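Visitor: Whatever this is, show me its structure:
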Amino acid sequence: MQAAVWYRARDLRVETVEVPTLRDPHQVKVKVAACGICGSDLHEYSAGPIFIPVDAPHPLSQQRAPIIMGHEFAGEVVEVGERVTRVKPGDRVAIEPILSPNQDGHYLMERYNLTPLLGFHGLSGGGGGFSEYTVVGEHMVHPLPDDLSYEQGALIEPAAVGLHAVRQSALKAGDSAVVFGAGPIGLMIIEALKAAGAARIVAVEPSDSRRRKATELGARAVDPREQDAVAQVHALTQGGADFAFEVTGLPAVLDQAINATHAGGETVIVSIWETEAAFQPNDLVIKERTLKGIIAYRHIYPAVMALMQQGYFRAEDLITARIALDDVVEEGFEVLLNDKSHIKIIVRPGEPLGEGVTP
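Guide: Predicted coordinates:
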């Protein structure tokens, strides 16, 4: 089969690899139908390794680079281990790609995303969604409702990040929020804020096309190149936002996010960082602000799918291109690095799409 294999930064190769087989009675083999390119994938491609194990195998996957990438995906079950009870061949499923200690088809930790052994299928070895087939544990498989497409299923993973970020905050219906960064995760947070009942949402984003998309989704947009972002947020929220969500990974933006909230406000850091960041602690201390971080998600896929069935996180709002696996580097990663008009590019393994991008 064909798969996109990461060797090192800027070295992602589509090549022939062996079709994976079941090695455990609680494993499920999936034929991948759709897999999204994530911001974390871009970080690994442009500046990795971050999550990808290089010097030593990941303790759970027992693999190190080169590894198959892709962790935002959905597909069809084609084979199950003898002890699998949740799904059967022919079922449509979305994959929760978190690698965390597990046994007999279940995660062992209640807060399994906080394990020190945290990894991701498609980033930390064990296979990935940028391939025709992959094998995952039964605990990672979620049946996809009939009214959600495979592409919608591929959006569940990034939507889970956005919904978890909002649910981990103290936000209540009627509160105001600002999202710094209107890329795919930032837009997912905007959708989650709407679902949570936020009365006023502001998006700070330099890209014209992404600001337009944030506006289409119901946010007030601020261009930080043209305006003082902090001052503008204070003006739009009548004294500062109740909550700020930082989704850029840029040190200067973290400082802006903190100061965009009012006294007693809360800032949630959602992004994964490539560098250190500095801020003035007194901006927290003197105004009794709160700063917290979140990583991935837990126990949230069913809630995301339920919201999708109500019309949130719509594929038609977020997917801007569909490509074949052969085109994943030039028409996928390179395009996303250089063209910020794109939101989410979906890869369809095993499906030749001709010109690369289709409606």
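Visitor: Show me the domain layout of this structure.
Guide: 2-155+313-348, 159-293 (automatic domain parsing).
Visitor: Just put those in TSV and tack on mean neighbour count and distance to residue 304.
Guide: Just so you know, the C-beta spots here come from the backbone N, C-alpha and C atoms, and that holds for glycine as well. Converted to TSV, the domains of the chain look like this (neighbours: other Cβ atoms under 10 Å; distance: least, Cβ to Cβ, whole Å):
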stretch	mean neighbour count	distance to residue 304
domain 2-155+313-348	20	7
domain 159-293	20	5
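Visitor: Nearest to residue 303 among the ones you listed would be which one?
Guide: domain 159-293 (6.4 Å; Cβ to Cβ).
Visitor: quick one, phi psi at residue 190?
Guide: The phi/psi pair for residue 190 (degrees, to the nearest 10) reads phi -60, psi -40.
Visitor: I'd assumed residue 214 was in contact with it.
Guide: Yes. Residue 190 is in contact with residue 214 according to Cβ atoms under 8 Å; the separation is 6.1 Å.
Visitor: residues shared between the contacts of those two?
Guide: 179, 182, 203 (Cβ atoms under 8 Å, 6 or more residues apart in numbering).
Visitor: and the last one, bridged to which residues?
Guide: Under DSSP bridges, the beta-bridge partners of residue 203 are residue 179, residue 221.
Visitor: you'd agree it is up against residue 221?
Guide: Yes. At 5.1 Å, residue 203 and residue 221 qualify as touching, with contact defined as Cβ under 8 Å.
Visitor: who touches both of the two?
Guide: 182, 211, 214, 215.
Visitor: Identify those among those residues that sit within helices.
Guide: If you go by DSSP state H, the shared contacts of residue 203 and residue 221 have 211, 214, 215 in helices.
Visitor: which of the shared contacts of residue 203 and residue 221 sit farthest apart?
Guide: 182 and 215 (9.3 Å).
Visitor: Mind listing the shared neighbours of those two?
Guide: 203, 221.
Visitor: ok, residue 12 to residue 325 distance?
Guide: Separation of residue 12 from residue 325 (Cβ to Cβ, to the nearest Å): 11 Å.
Visitor: Apologies, that question was intended for residue 253.
Guide: Distance from residue 253 to residue 325, by Cβ to Cβ: 34 Å.
Visitor: Can you list the low-confidence ranges for the stretch 51-200 of the chain?
Guide: Under the criterion pLDDT under 70, no range of the stretch 51-200 of the chain is flagged.
Visitor: For it, which segments count as helices?
Guide: Remark: helices assigned in the stretch 51-200 of the chain by DSSP state H, counting those that start in this stretch are 150-154, 156-168, 184-196.
Visitor: between those, which gets nearest to residue 289?
Guide: That would be helix 156-168 among those, by Cβ to Cβ, at 16.3 Å.
Visitor: Could you list the residues in contact with that closest one?
Guide: Residues outside helix 156-168 that contact it (Cβ under 8 Å, 6+ apart): 36, 38, 71-74, 94-97, 142, 184-185, 187-193, 195-196, 245, 268, 270, 292, 294, 296-298, 300-301, 303-305, 307-308, 312-313, 344.
Visitor: Of those, which belong to strands?
Guide: 36, 72, 73, 74, 94, 95, 142, 245, 268, 292, 344 (DSSP state E).
Visitor: Out of those, the closest to residue 276 would be?
Guide: Looking at the ones in strands among the contacts of helix 156-168 and their distance to residue 276, the nearest is residue 292, at 17.9 Å (Cβ to Cβ).
Visitor: so which of the helices of the stretch 51-200 of the chain comes closest to residue 103?
Guide: helix 156-168 (22.7 Å).
Visitor: Run the angle between that closest one and helix 184-196 for me.
Guide: Counting by axes from the mean of the first three to the mean of the last three Cα atoms, to 10 degrees, helix 156-168 lies at 50 degrees to helix 184-196.
Visitor: Please state the offset of stretch 155-162 from the chain centre?
Guide: 5 Å (Cα atoms, centre = their mean, to the nearest Å).
Visitor: Also stretch 131-141?
Guide: For stretch 131-141, the distance to the chain centre is 18 Å (Cα atoms, centre = their mean).
Visitor: what does stretch 146-166 give?
Guide: Here stretch 146-166 is found 9 Å from its chain centre; the criterion is Cα atoms, centre = their mean.
Visitor: Just the C-alphas of it, formatted as CSV.
Guide: The C-alpha trace of stretch 146-166 is given here as CSV (Å, rounded to 0.1, in the frame of the first residue of the first chain):
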residue,chain,number,x,y,z
ASP,A,146,-25.0,7.7,9.3
ASP,A,147,-25.7,11.4,8.7
LEU,A,148,-22.0,12.3,9.0
SER,A,149,-19.7,11.9,6.0
TYR,A,150,-16.2,10.5,6.2
GLU,A,151,-14.9,14.1,5.7
GLN,A,152,-17.0,15.2,8.6
GLY,A,153,-15.5,12.3,10.5
ALA,A,154,-12.0,13.6,9.7
LEU,A,155,-12.9,16.9,11.3
ILE,A,156,-13.9,15.3,14.6
GLU,A,157,-10.3,15.3,15.9
PRO,A,158,-9.5,19.0,15.4
ALA,A,159,-13.1,19.9,16.6
ALA,A,160,-12.4,17.8,19.7
VAL,A,161,-9.4,20.1,20.5
GLY,A,162,-11.6,23.2,20.1
LEU,A,163,-14.4,21.8,22.2
HIS,A,164,-12.1,20.6,24.9
ALA,A,165,-10.4,24.0,25.2
VAL,A,166,-13.7,25.7,25.7
